[in-house]
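[1] have a look at this prediction, sequence included:
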Amino acid sequence: MDSVEFRLLSGRAIGVSEFGRRSSETVVVLAHPAPGSSRFDPDPAVTNRRNVRLIAVDRPGYGTSELLADGGPGTVTDAASDIAEYLAFQGITRVGAVGWSAGGRVVLALAAVYSALVGRLAVVATPAPDEEVPWVGTENRERLGNLSALPAAAAVTALSDQLAMVVGVRPSADALLRMLSSDEADARLREQARDRLVEMLDRAAMQGTTGMAADIVSYTLLDWGFDPTSVAAKTLLLYGGADQITGAHGRWYQKRIPHSRLEMVKDVGHLLVVPMWDRILSHVAPGSKMNGR
């Protein structure tokens, strides 16, 4: 694994992590969950066996990625543009893209706005908009409503303070892991992938709760900046049968993304990206198994 800080043309810094085989021409982008960071490979053995170069980018407020110049989080499409700029700098012109949970919106934006860049797409356990498929809860919905009148930067600061009262100013990886997955179905997976999950979440908390707040503001209070119906890439929608983010969310995306297929995985919760990593790579990087032999 390599982690670097990349300076965008705007002057803003973003954190980037790479896994797998740097020399491989098979490139896959992974957009992390919320909370989360770039420092996560769902299954390193599978990544290596498939001869994949895996690239992940910290979204604003996570890891070493800075907020925008005005202190705001940017939109979901802005996060996709950060990825696209790093790939262009690397001379990479074609990728498969995977988005886990909140990251699913980012790779959908990447595919919608940079259609020539994304060959295939996997959206894993990604919630639909709350106004379409309710999931955030009444209390959280009221909190977000109170923040909606604020400028985006002020909303991030206020929400970050609220989150810090719940999980601490510098939340522990264990506290964030409970936020990411508390499903009993995932108990074995939490232990199996614990070291990797803790590393991802430790990096997620480098700026305290700023990243979580920025993420939430970007996808609940700001316009996403793209239309899912414009995604032309062949898309796998993958959801766990034991996850609270269930098939109802997947069906919402399936109705809007033209070339999409919904698959439900029985008895798996929100961590399904771990056991299903080989299936995911078989979709976004077809032929990679042959290259890994």
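    Looks like it came in fine. Residues are numbered from 1 along each chain as shown.
[2] in the stretch 101-250 of the chain, which spans are helices?
    Ranges of helices in the stretch 101-250 of the chain, per DSSP state H, counting those that start in this stretch, are 103-113, 138-147, 152-167, 173-180, 187-192, 194-204, 210-220, 247-256.
[3] now tell me what touches the shortest one from outside.
    Contacts to helix 187-192, defined as C-beta atoms under 8 Å, 6 or more residues apart in numbering, come from residues 177, 181, 197, 268-269, 271, 274-275. In this view, the C-beta of every residue, glycine as well, is placed from N, C-alpha and C.
[4] how about 7 Å then?
    177, 181, 197, 271, 274-275 (C-beta atoms under 7 Å, 6 or more residues apart in numbering).
[5] now do the buried residues in it.
    189-190 (16 or more other C-beta atoms under 10 Å).
[6] related to what we said a few turns ago, going by neighbour count, which of the contacts of helix 187-192 comes out on top?
    For these, neighbours were counted using other C-beta atoms under 10 Å, and residue 271 has the most, 29 neighbours in all.
[7] helix or strand for that one, which one?
    Per DSSP states H and E, residue 271 falls between elements, in no helix or strand.
[8] what count of nearby residues applies to residue 131?
    Residue 131 has 9 nearby residues by other C-beta under 10 Å.
[9] please disregard the earlier target; I meant residue 91.
    Residue 91: 6 neighbours (other C-beta under 10 Å).
[10] so it, which of the three states?
    Under DSSP: H, G, I helix; E, B strand; the rest coil, residue 91 falls in the coil class.
[11] so how far is stretch 63-81 off the chain centroid?
    14 Å (C-alpha atoms, centre = their mean, to the nearest Å).
[12] now it: buried residues?
    Result for stretch 63-81 [16+ other C-beta under 10 Å]: buried residues 63-68, 71-81.
[13] same check, this time on stretch 16-33
    16-21, 24, 26-33.
[14] out of the residues you listed, list just those in strands.
    16-20, 27-31 (DSSP state E).
[15] reformat those residues as JSON lines; add distance to residue 261.
    Formatted as JSON lines, these follow (distance: C-beta to C-beta, whole Å):
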{"residue": "16", "distance to residue 261": "30"}
{"residue": "17", "distance to residue 261": "29"}
{"residue": "18", "distance to residue 261": "29"}
{"residue": "19", "distance to residue 261": "26"}
{"residue": "20", "distance to residue 261": "25"}
{"residue": "27", "distance to residue 261": "22"}
{"residue": "28", "distance to residue 261": "18"}
{"residue": "29", "distance to residue 261": "20"}
{"residue": "30", "distance to residue 261": "20"}
{"residue": "31", "distance to residue 261": "19"}
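[16] quick one: closest of the helices of the stretch 101-250 of the chain to residue 9.
    With C-beta to C-beta, the closest approach to residue 9 among these belongs to helix 103-113: 16.7 Å.
[17] per-residue confidence averaged over that closest one?
    Across helix 103-113, pLDDT averages out at 98.
[18] report the angle between that helix and strand 27-31.
    130 degrees (axes from the mean of the first three to the mean of the last three C-alpha atoms, to 10 degrees).
[19] got the CA coordinates for helix 103-113 in PDB?
    Extracted as PDB, the C-alpha positions of helix 103-113 are listed here (Å, rounded to 0.1, in the frame of the first residue of the first chain):
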ATOM      1  CA  GLY A 103     -19.100   6.200  -2.000                       C
ATOM      2  CA  GLY A 104     -21.700   4.800  -4.400                       C
ATOM      3  CA  ARG A 105     -23.000   8.300  -5.200                       C
ATOM      4  CA  VAL A 106     -19.500   9.500  -5.900                       C
ATOM      5  CA  VAL A 107     -18.700   6.800  -8.500                       C
ATOM      6  CA  LEU A 108     -22.100   7.300 -10.100                       C
ATOM      7  CA  ALA A 109     -21.200  11.000 -10.500                       C
ATOM      8  CA  LEU A 110     -17.800   9.900 -11.900                       C
ATOM      9  CA  ALA A 111     -19.600   7.700 -14.500                       C
ATOM     10  CA  ALA A 112     -22.200  10.400 -15.300                       C
ATOM     11  CA  VAL A 113     -19.800  13.300 -15.700                       C
END
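[20] lovely, talk soon.
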